[in-house]
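Student: structure, please.
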Amino acid sequence: LPFNLQAVLDTLVESAERLCEADYAFIFRRDGDAYRLAASHGFSAEYKRWMETQVIPLGRQTLVGRTASEGRTIHIPDVLADPDYGWTESIKRGNFRTMLGIPLLREGTPMGVIAVCRSRVLPFTDKQIELVTTFADQAVIAIENVRLFDEVQARTAELSEALEQQTATSEVLSVISRSKFDLKPILQSVVDTAARLCRAEKAVVFRLEQGLYRFAAGYSLDAAYLEIERTTPISVGPETAVGRAAMNRQVIRIDDVLADPLYEKKDDARVGALRSVLGVPLMREDEPIGVIALARGRVEPFSDKEIELMTTFADQAVIAIENVRLFDEVQARTEDLAESLEQQTATSEVLSVMSSSKFDLGPILQSVVDTAVRLCRAD
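Tutor: So this is what the prediction gives:
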C-alpha cells in the first residue's frame with residue numbers, strides 16, 4: 001500500500017530541526033524550473049502561509065536556489081554577511097541567520113532541497129551536516145517510492161483500460177460474426193459498448209437511406225426522445241450533430257449544444273437532456289453511410305482518447321453494414337440466377353415436349369400453360 005508522503009516529509013523536517021538544534025527546518029520540491037515549499041517545521045503560521053505562495057528560482061540569491069543550482073551542500077554561517085544572498089524579505093520575515101541546505105539528488109539531479117536554519121549565528125557542525133544529509137537521502141527514497149508507485153498505478157490503469165477496450169472490441173466483433181446477416185443486434189452492441197467505454201449517457205446510430213439519415217439503434221433513450229429520433233429523419237447540415245458529422249465527413253465535437261449557435265435542435269436536446277455531444281461519421285469509400293453519436297447530460301467535452309475509441313467503433317459499424325450489404329447483394333444475385341436457371345429449365349422442358357409431340361398439339365399446349373403458371377406464380 002502507498003504511504004503518506006506528506007507525513008513522511010513532515011516527520012523528516014521535524015526530526016532534522018530537533019536533532020540539529022535548529023529553529024526552523026523545511027523541504028522545497030522542484031516544480032518545473034523552480035522550487036515550492038513541501039514541508040516545514042518551526043515557522044509561524046503567518047510565515048508559513050507566505051512561504052507557500054513563494055516560487056524560488058535557481059540562483060545564488062537564496063539558500064534553496066543556490067543548493068539546487070550547484071547540486072551540493074550549502075552552509076551559510078551568517079546570511080547577513082553573505083554577499084550573494086539577496087532574499088531580504090525572507091530574512092526579515094523569518095529571522096534567519098545561519099542556514100544549511102542539502103540537495104535531494106536523484107541520479108545526480110536535484111529534485112528538492114532540505115534545509116535547517118537558526119535565528120542566531122551558530123554554524124552547524126560536521127556531525128549535524130552529516131545527519132541532515134541522511135535525512136535528505138530518506139526524503140529522496142520516500143519521494144521516489146511515491147513516484148514509482150504512481151507510475152505503476154498509472155500504467156496499471158492504462159493496461160486495465162486497454163484490456164477493457166480490447167475486450168469490448170472483441171465482444172462487438174463476436175456479435176458481428178454471430179449476426180453477420182442481421183444488422184440490428186450489431187448496431188445495438190456498438191452503441192451500448194461505445195456509450196459505456198466513453199462514459200456517455202446516450203448513444204445513437206443513424207444510417208443513410210434515400211438521402212436522409214434515419215435512426216437505426218439507440219442506447220438509454222427515454223420514450224419521448226426515442227420517439228423524436230425514430231420519427232425525425234436528419235438531413236446533411238450543421239443543425240444537428242448527425243447532420244454536421246455527415247456534412248464535414250469527419251469527427252465533430254460540440255462542447256455544449258445549448259450554447260452552439262449553429263445547433264438548431266435545442267428543444268429536442270432539452271427533451272433528451274443533451275449537452276456535450278460527439279458525432280463520428282461511418283465512412284465507406286469517402287462517403288458517410290451513417291453517423292454514430294454520443295451525448296452527455298452535462299457539459300464535459302469528450303477527450304481525444306474517447307474520440308479515438310469512438311472512431312474504432314465507427315469502423316466496426318461500417319464493417320457490419322458492409323457485410324449485410326454484400327450479403328444482400330449476393331442473395332439478390334443468387335435469386336436472379338436461380339430464377340433465370342428455372343426459366344431456362346422450363347423452356348427446355350417445353351421444347352422437349354414439343355420435339356417429342358410435334359404431331360400432337362394437346363400435350364404441347366398443356367406443358368406451356370403448366371410451366372407459365374408455375375414460373376409466373378399464377379393460380
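
Student: off-centre distance for stretch 342-349?
Tutor: 62 Å (CA atoms, centre = their mean, to the nearest Å).

Student: for it, which outside residues touch it?
Tutor: The contact list for stretch 342-349 (CB atoms under 8 Å, 6 or more residues apart in numbering) reads 367, 371, 374-375. For every residue, glycine as well, the C-beta is placed using N, CA and C.

Student: give me the ChimeraX select line for those residues, limited to the buried ones.
Tutor: Selection command for ChimeraX covering only the buried members of those, criterion 16 or more other CB atoms under 10 Å:
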select :367,371
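
Student: closest to residue 36 among the contacts of stretch 342-349?
Tutor: When the contacts of stretch 342-349 are compared for distance to residue 36 (CB to CB), residue 375 comes out closest, at 89.3 Å.

Student: remind me which residues of the stretch 51-200 of the chain are low pLDDT?
Tutor: By pLDDT under 70, the weakly predicted segments of the stretch 51-200 of the chain are 156-181.

Student: now do 80
Tutor: In the prediction, the stretch 51-200 of the chain carries residues with pLDDT under 80 at positions 150, 152-182.

Student: mind listing the strands in it by residue range?
Tutor: Assigned strands in the stretch 51-200 of the chain, in chain order: 56-57, 74-76, 98-106, 109-118 (criterion: DSSP state E, counting those that start in this stretch).

Student: need the ones you listed in TSV with mean neighbour count and distance to residue 141, can you?
Tutor: Written out in TSV, the entries for the strands of the stretch 51-200 of the chain read as follows (neighbours: other CB atoms under 10 Å; distance: least, CB to CB, whole Å):
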stretch	mean neighbour count	distance to residue 141
strand 56-57	18	23
strand 74-76	20	22
strand 98-106	23	10
strand 109-118	23	12
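
Student: look up how far residue 187 lies from residue 296.
Tutor: 21 Å (CB to CB, to the nearest Å).

Student: out of these two, which sits in the more crowded spot?
Tutor: Comparing residue 296 with residue 187 by neighbour count (other CB atoms under 10 Å), the higher total belongs to residue 187, at 26 against 21.

Student: for the spatially closest residue to the more buried one that is not a sequence neighbour, give me its contacts.
Tutor: Ranked by CB to CB, 6 or more residues apart in numbering and with sequence neighbours excluded, the top spatial neighbour of residue 187 is residue 217, at 3.9 Å. Listed by CB under 8 Å, 6+ apart, the contact partners of residue 217 are 184, 187-188, 190-191, 204-205.

Student: ok, now residue 116?
Tutor: Residue 116 is in contact with 16-17, 20, 22, 24-25, 99-100, 124, 128, 132, counting by CB under 8 Å, 6+ apart.

Student: quick one: the strands in the stretch 201-350 of the chain, in order.
Tutor: Taking DSSP E, counting those that start in this stretch, the strands of the stretch 201-350 of the chain run over residues 202-209, 212-219, 252-254, 276-284, 287-296.

Student: related to what we said a few turns ago, the strands of the stretch 51-200 of the chain: which one's closest to residue 44?
Tutor: Of all those, the one in closest proximity to residue 44, counting by CB to CB, is strand 109-118 (13.4 Å).

Student: mind exporting the closest one as PDB, just the C-alpha atoms?
Tutor: Once side chains and other backbone atoms are set aside, the C-alpha atoms of strand 109-118 remain, and they are given as PDB (Å, rounded to 0.1, in the frame of the first residue of the first chain):
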ATOM      1  CA  THR A 109      19.700  15.700 -10.500                       C
ATOM      2  CA  PRO A 110      18.300  17.900  -7.700                       C
ATOM      3  CA  MET A 111      14.600  17.100  -7.100                       C
ATOM      4  CA  GLY A 112      14.400  19.200  -4.000                       C
ATOM      5  CA  VAL A 113      16.200  20.800  -1.000                       C
ATOM      6  CA  ILE A 114      16.100  20.100   2.700                       C
ATOM      7  CA  ALA A 115      17.300  23.000   5.000                       C
ATOM      8  CA  VAL A 116      17.700  23.800   8.600                       C
ATOM      9  CA  CYS A 117      18.200  27.300   9.900                       C
ATOM     10  CA  ARG A 118      19.000  29.200  13.100                       C
END
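
Student: got the angle for it vs strand 98-106?
Tutor: Between the axes of strand 109-118 and strand 98-106, defined by axes from the mean of the first three to the mean of the last three CA atoms, to 10 degrees, the angle is 160 degrees.

Student: could you check the pLDDT of the most centrally placed residue in the chain?
Tutor: For the chain, residue 305 is the residue whose C-alpha lies nearest the centre (CA atoms, centre = their mean; 3.4 Å). Per-residue confidence (pLDDT) for residue 305: 88.

Student: so how far is residue 205 from it?
Tutor: Here the criterion is CB to CB. By it, residue 305 lies 21 Å from residue 205.

Student: got it, and residue 26?
Tutor: With distances taken as CB to CB, residue 26 is found 59 Å from residue 205.

Student: please, where are all the helices along the protein?
Tutor: With DSSP state H as the criterion, the chain has helices at 5-19, 45-52, 63-70, 88-94, 126-178, 183-197, 223-231, 241-248, 266-272, 304-356, 361-375.

Student: give the burial count for residue 11, as a bare number.
Tutor: Taking other CB under 10 Å as the criterion, the count of residues near residue 11 is 16.

Student: got it, and residue 211?
Tutor: By the other CB under 10 Å criterion, the neighbourhood of residue 211 contains 8 residues.

Student: nearest residue to it in space, please, no chain neighbours.
Tutor: Across the structure, with CB to CB, 6+ apart as the measure, the residue nearest residue 211 apart from its sequence neighbours is residue 235 (7.8 Å).

Student: that neighbour: how many residues sit nearby?
Tutor: With other CB under 10 Å as criterion, residue 235 counts 13.

Student: ok, back up a step: ok, which of the strands of the stretch 201-350 of the chain comes nearest residue 95?
Tutor: For the strands of the stretch 201-350 of the chain, the distance to residue 95 is smallest for strand 276-284, at 53.5 Å, taking CB to CB.
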